[in-house]
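Participant: what's the 3D shape of this:
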Amino acid sequence: MAYGTKRVKNSDLELTDRLVSIQRVTKVTKGGRTFSFSAIVVVGDEKGIVGHGLGKASEVTTAIAKGIEDAKKNLIRVPVHKGTIPHEQYGKFGGAYVFIKPATEGTGIKAGGAMRAVLESVGVKNVLAKSKGSSNPHNLVKATIAALLELRDASTVADHRGVTLEKVFNG
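Facilitator: Okay, the predicted model is just below:
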């Protein structure tokens, strides 16, 4: 866990879910092949809370439902300031590297696939993002979450340094 992040209790949150990826997976047994489905889901309230989950089942709808339940157990709070993030940040998970950078009003979310789902669920409206390395949706989602976990707002920085907010901005 990073400095300013805390796990969130989801007792009365209005969470929306986004399906990032669904894969048909195969298990080979002596009786032949057994097919099942794996679903990656991102949930968020679009006000700074996001979580990701993985569900596996023999039917698509069951896999998605399991993914949503798993995502609700992994919620984190992210600082969102004026529709964007407080500062640029790198994230890495496995072979996936991501870079997210704050953008001015009207830019929109300039990110692809898995990163876009995570950033929309957080509630970021203007951001520039780049992914390098692996394009595996599992690792991209986790790398994006890792980058968001490292974000700190000005009040967190002031508390960590033991100074006032004005001192953080004025040096």
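
Participant: which stretches of the protein form strands?
Facilitator: In the chain, the strands defined using DSSP state E lie at 16-29, 32-44, 49-57, 76-77, 89-93, 96-102, 109-110, 127-133.

Participant: Flag every buried residue along the third one.
Facilitator: Going by neighbour count (16 or more other CB atoms under 10 Å), the buried part of strand 49-57 is 49, 50, 51, 52, 53, 54, 55, 57. C-betas here are computed from N, CA, C, even on glycine.

Participant: Next, the angle strand 16-29 makes with it.
Facilitator: Using axes from the mean of the first three to the mean of the last three CA atoms, to 10 degrees, the inter-axis angle of strand 49-57 relative to strand 16-29 is 30 degrees.

Participant: before we move on, back to that, nearest to residue 64, out of the strands of the chain?
Facilitator: Smallest distance to residue 64 across these (CB to CB): 4.8 Å, for strand 32-44.

Participant: Sheet partners, orientation included, of the closest one?
Facilitator: Strands adjacent to strand 32-44 in the sheet, as given by DSSP bridges, are strand 16-29 (antiparallel), strand 49-57 (antiparallel).

Participant: follow-up on the earlier one: now tabulate the strands of the chain in JSON lines and tack on distance to residue 146 and mean pLDDT.
Facilitator: JSON lines is the format used below for the strands of the chain (distance: least, CB to CB, whole Å; pLDDT from 0 to 100):
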{"stretch": "strand 16-29", "distance to residue 146": "16", "mean pLDDT": "92"}
{"stretch": "strand 32-44", "distance to residue 146": "14", "mean pLDDT": "94"}
{"stretch": "strand 49-57", "distance to residue 146": "11", "mean pLDDT": "94"}
{"stretch": "strand 76-77", "distance to residue 146": "10", "mean pLDDT": "90"}
{"stretch": "strand 89-93", "distance to residue 146": "4", "mean pLDDT": "93"}
{"stretch": "strand 96-102", "distance to residue 146": "8", "mean pLDDT": "93"}
{"stretch": "strand 109-110", "distance to residue 146": "18", "mean pLDDT": "90"}
{"stretch": "strand 127-133", "distance to residue 146": "13", "mean pLDDT": "93"}
